[in-house]
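Participant: Need coordinates for the following:
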Amino acid sequence: MRRRTTSVLVIALVGTGATLASGPAAAADCVARVYGLVQTVDADEAALGGMTVELVGTGAAAHLGVVGSATTRADGWYLVETACLDVDVVVRASDPSGFHGPRYAPYATDAGSAQVARLDGGPSTMANVYLREPGRFVAVEPTRVIDTRADEGGPVGPGENAAFLFDELPVDTTAVVLNLTATEGTAPTSFVSAQPTRDAGVPTTSVINATAGRDVANLVTIPVSRWTESGGPEVVLYNDAGWTHLVADIQGYYVPDPSGAGFVPVTPDRVLDTRESTPVGPHGTRSLDLAGPGAPAPADAVAAAITVTSTEATAATSYVSVYPSDAVDGPATSALNAYRGDDVPNLAIVPLGPDGAVTLYNDQGSTHLVVDVVGWFVESGGADYYAIDPRRSSGSGALPGGVSAHFDAAGLGGDVRDDAVAMAVNLTTAGAQVPSYLTVHPTGASRPLASNANARPGADVATGVLTGLDQGFSVYNDRGTLLALVDAYGWFAVND
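Facilitator: Purely as a prediction, here's the structure:
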């Protein structure tokens, strides 16, 4: 399913595209021209008419905002003409209907990664923009798809982008959901990031914080790159320091196919707490009925998004698997790594078995398991997924105990639809002085009896989160002051 290629970062790359002439601002009658084609990013590369194209100031000219605009013709072409300015701009295309997510030329969702043009009267600039349809979820039985321990390329080195080709997935896959584990790390601390391309520079976001001597897992929803020789979907993972092996189990993927499942977020709802009964023993399982009479799942749910927390574990280390009740070999994959003395949570997206149940498995010792449902994937309706280049949300930073921080779409640069219903984020805690738990929930809803992340002193801990939106979302920290860093990876909106 995958083939690995690597690159080592030496210097961050800035922009792509044509080389533009530079010089002083031109005379008052000078006209600057930017033109190009707006089309889909899939294999058909269909032209998109009626799209809005804007020239947006960037860098030192960001305060100018939009300095010129046009609408694409039926054949997808556009031309923007403006008075010459000695400034840099980027080209942003958006769909007035909201169906296609906005992008910057050629394929970025972040202005900082876009092709840059100057409006100083030099040669006309060609800037094509590739828009992507939203994706719907296709759940799969958890399956191991990456294991660098068995890869001839070996562990991922410091400052290395390792690319993994998922050539068995549909060519129009927009994002892939992986339970990603960093293991056998050599650095006292490092971080692993998802990259938009194999040539991307040093990232400013992370999906896992790796620690020497500890296996660390996190559920990540990673936008895929199609800019490969084969045109197939590719996942690029960056390791910051030392060497680390990466292991990934696929949970599903998003494709622009109406037959996929849509997401229905819910305020976190606790559906299992074995502290009220008995722990799960060594090689033990616990069935959790989520669909059917009296169960919480919608009638047409095909998968559950749940936060699973291990607590009061007795083994020095163990792993916990979560899989559909009819899985052939569920314990062959893992959802989280449990440790004695620590509360360890992780997000899981699990297909429901034919009986509407999922199974939880513990490998070593005994552990209590707590499960909170955060959403459902349903066959009809629900929200479509818009993957974005990973970016840090404004508002990330110090968060005292007993306090909530609030986040909204404006903190992501305004490219999220006003009617978005949920977001996919990665929550990292750092600098904790005392153990704490964090709860993420829609801002307009009361804080539920649930947790998404557990912070511990001396460690940076990353946890994937799917959260509903209601005036944005809130992150509550229970004890002590810590850093709460929120990195966004995508958002969900309902399309008719």
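Participant: Not counting stretch 273-291 itself, show me its contacts.
Facilitator: Stretch 273-291 is contacted by residues 271-272, 295-297, 299, 301, 304, 311-312, 315, 325, 352, 355-371, 373 when judged by C-beta atoms under 8 Å, 6 or more residues apart in numbering. Placement of C-beta: from N, CA and C, glycine included.
Participant: same question, stretch 192-204
Facilitator: Contact partners of stretch 192-204, identified using C-beta under 8 Å, 6+ apart, comprise 5, 7, 9, 11-14, 108, 113, 156, 159, 161, 163, 180, 182, 205-210, 220, 222-223, 225, 227, 234-240, 244, 246, 389-392, 489.
Participant: Please repeat the previous calculation with a cut-off of 6 Å.
Facilitator: For stretch 192-204, the external contacting residues (C-beta atoms under 6 Å, 6 or more residues apart in numbering) are 7, 12-13, 161, 163, 182, 205-208, 222, 225, 227, 236-239, 389-390, 392.
Participant: Derive a ChimeraX selection command for the buried subset of those.
Facilitator: Here is the ChimeraX command that selects only those of the contacts of stretch 192-204 that count as buried (16 or more other C-beta atoms under 10 Å):
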select :7,161,163,182,205,206,207,208,222,225,227,236,237,238,239,389,390,392
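Participant: Out of the contacts of stretch 192-204, name the ones that lie in strands.
Facilitator: 7, 161, 163, 182, 208, 222, 236-239, 389-390, 392 (DSSP state E).
Participant: And those, which is closest to Ala175?
Facilitator: Closest to Ala175 out of the ones in strands among the contacts of stretch 192-204 is Ile222 (6.2 Å), distances taken as C-beta to C-beta.
Participant: Pull out the buried residues from stretch 304-316.
Facilitator: By neighbour count on 16+ other C-beta under 10 Å, the buried set for stretch 304-316 is 304-313, 315.
Participant: Can you give the contact residues for it?
Facilitator: The contact list for stretch 304-316 (C-beta under 6 Å, 6+ apart) reads 290, 320, 322, 335, 338, 340, 343-350, 364-368, 370-375, 452, 466.
Participant: Filter those residues down to the buried ones and hand me the ChimeraX line.
Facilitator: Per 16+ other C-beta under 10 Å, the buried members of these correspond to this ChimeraX selection:
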select :290,320,322,335,338,343,344,345,346,347,348,349,350,364,365,366,367,368,370,371,372,373,374,375,452,466
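Participant: my read: Gln433 touches Gly480, true?
Facilitator: Yes. If you go by C-beta atoms under 6 Å, Gln433 and Gly480 touch, sitting 4.8 Å apart.
Participant: and these two? which has more neighbours close in?
Facilitator: For Gln433 and Gly480, the more surrounded residue by other C-beta atoms under 10 Å is Gly480, and the numbers stand at 17 against 13.
Participant: Val202 versus the more buried one, what's the distance?
Facilitator: From Gly480 over to Val202 the distance is 30 Å, taken as C-beta to C-beta, to the nearest Å.
Participant: Could you report the pLDDT at Asp389?
Facilitator: Here the pLDDT value assigned to Asp389 is 86.
Participant: Could I get the contacting residues of it?
Facilitator: Contacts for Asp389 (C-beta under 6 Å, 6+ apart) come out as 109-110, 196.
Participant: What is the nearest of the residues you listed to His441?
Facilitator: Taking C-beta to C-beta as the measure, His441 lies nearest Thr109 of these, at 25.5 Å.
Participant: and the gap between the closest one and Tyr35?
Facilitator: Thr109 sits 22 Å away from Tyr35, going by C-beta to C-beta.
Participant: Which of those two has more residues huddled nearby?
Facilitator: A direct count of neighbours by other C-beta under 10 Å for Thr109 and Tyr35 places Thr109 higher, at 24 against 17.
Participant: Return the residues in contact with Thr109.
Facilitator: With contacts defined as C-beta under 6 Å, 6+ apart, Thr109 is in contact with 103, 388-389.
Participant: Identify the residue spatially nearest to it, adjacent ones excluded.
Facilitator: Nearest non-adjacent residue to Thr109, counting by C-beta to C-beta, 6 or more residues apart in numbering: Ile388, 4.1 Å away.
Participant: quick revisit: which one among the buried residues of stretch 304-316 gets closest to Leu48?
Facilitator: Set against Leu48, the nearest of those by C-beta to C-beta is Ala305 (31.5 Å).
Participant: just the strands in the stretch 251-400 of the chain please.
Facilitator: 262-273, 284-289, 301-311, 317-324, 336-339, 344-351, 357-362, 368-378, 384-392, 397-399 (DSSP state E, counting those that start in this stretch).
Participant: how about those strands in JSON lines, adding distance to Leu64?
Facilitator: Compiled in JSON lines, those are given as follows (distance: least, C-beta to C-beta, whole Å):
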{"stretch": "strand 262-273", "distance to Leu64": "37"}
{"stretch": "strand 284-289", "distance to Leu64": "54"}
{"stretch": "strand 301-311", "distance to Leu64": "41"}
{"stretch": "strand 317-324", "distance to Leu64": "50"}
{"stretch": "strand 336-339", "distance to Leu64": "47"}
{"stretch": "strand 344-351", "distance to Leu64": "40"}
{"stretch": "strand 357-362", "distance to Leu64": "52"}
{"stretch": "strand 368-378", "distance to Leu64": "40"}
{"stretch": "strand 384-392", "distance to Leu64": "22"}
{"stretch": "strand 397-399", "distance to Leu64": "28"}
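Participant: between these, which one is nearest to Gln251?
Facilitator: That would be, of those and by C-beta to C-beta, strand 344-351, which comes in at 4.7 Å.
Participant: what packs against that closest one?
Facilitator: strand 216-223, strand 301-311, strand 317-324, strand 336-339 (3 or more C-beta pairs under 6 Å, 6 or more residues apart in numbering; DSSP states H and E).
Participant: Let's have these in a markdown table, adding distance to Thr143 and mean pLDDT.
Facilitator: Listed next are the helices and strands packed on strand 344-351 as a markdown table, based on distance: least, C-beta to C-beta, whole Å; pLDDT from 0 to 100:
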| stretch | distance to Thr143 | mean pLDDT |
| --- | --- | --- |
| strand 216-223 | 15 | 91 |
| strand 301-311 | 15 | 96 |
| strand 317-324 | 10 | 94 |
| strand 336-339 | 17 | 92 |
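Participant: now the ones you listed in TSV, with distance to Glu141?
Facilitator: Formatted as TSV, the helices and strands packed on strand 344-351 follow (distance: least, C-beta to C-beta, whole Å):
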stretch	distance to Glu141
strand 216-223	15
strand 301-311	11
strand 317-324	6
strand 336-339	18
